[in-house]
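>>> What follows is a predicted protein model with its sequence.
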Amino acid sequence: MIRILFVCHGNICRSTMAQSVLQYMVNNAGLAEHFEIDSAATSTEEIGNPPHYGTVKELRRHNIPVIPHCARQLAKADEEHFDYLIGMDSANIRNMRRIVGNSEKIYKLMSFTYPEKDVADPWYTGNFAETYTDVKLGCEKLLEKLISEL
């Protein structure tokens with residue numbers, strides 16, 4: 001089993017979007033039994049909150065089921081449990097390292113694509129469609145890599 005944890009600042013926009021998108025992809029590929037996919041935040045600001053309405057709306061626009069989720073904060077124990085800790089931007093990566101240490105399991109989602117870049121936070125940009133495009137591409141490339149590990 002490959003265990004993946006997506007991480008962003010609040011765990012209501014990008015990481016929950018990535019969690020739902022990758023789960024949808026592995027389900028459609030008939031590979032769900034090979035993966036555990038979850039998400040978390042680096043901050044405590046949104047703890048207990050559901051996915052942002054903009055994320056929900058964008059996922060529904062693409063007919064992707066929204067994973068039921070309440071925001072939670074990344075914990076040191078997550079580094080031991082998950083095989084991949086995947087942040088959305090450079091600030092997430094820095095904060096992830098602050099919480100779990102300088103783990104070799106930490107990646108930026110768009111590091112699996114070219115060119116590598118940050119996934120913009122739609123909380124600030126308001127552009128959930130652009131975030132979805134980046135998340136989808138990142139998840140596609142990540143899944144290609146993970147399938148080669150099965």
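Received, thanks. Residues are numbered from 1 along each chain as shown.
>>> Helices of the chain, residue ranges please.
14-28, 53-61, 76-81, 90-100, 122-125, 128-147 (DSSP state H).
>>> As TSV, the ones you listed with mean pLDDT and mean neighbour count would be great.
In this view, the C-beta of every residue, glycine as well, is placed from N, C-alpha and C. Listed next are the helices of the chain as TSV, based on pLDDT from 0 to 100; neighbours: other CB atoms under 10 Å:
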stretch	mean pLDDT	mean neighbour count
helix 14-28	98	24
helix 53-61	98	17
helix 76-81	97	13
helix 90-100	97	18
helix 122-125	95	15
helix 128-147	97	19
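>>> These: which one's closest to Phe6?
helix 14-28 (4.1 Å; CB to CB).
>>> could you give the angle of that closest one to helix 90-100?
Angle, helix 14-28 to helix 90-100, by axes from the mean of the first three to the mean of the last three CA atoms, to 10 degrees: 90 degrees.
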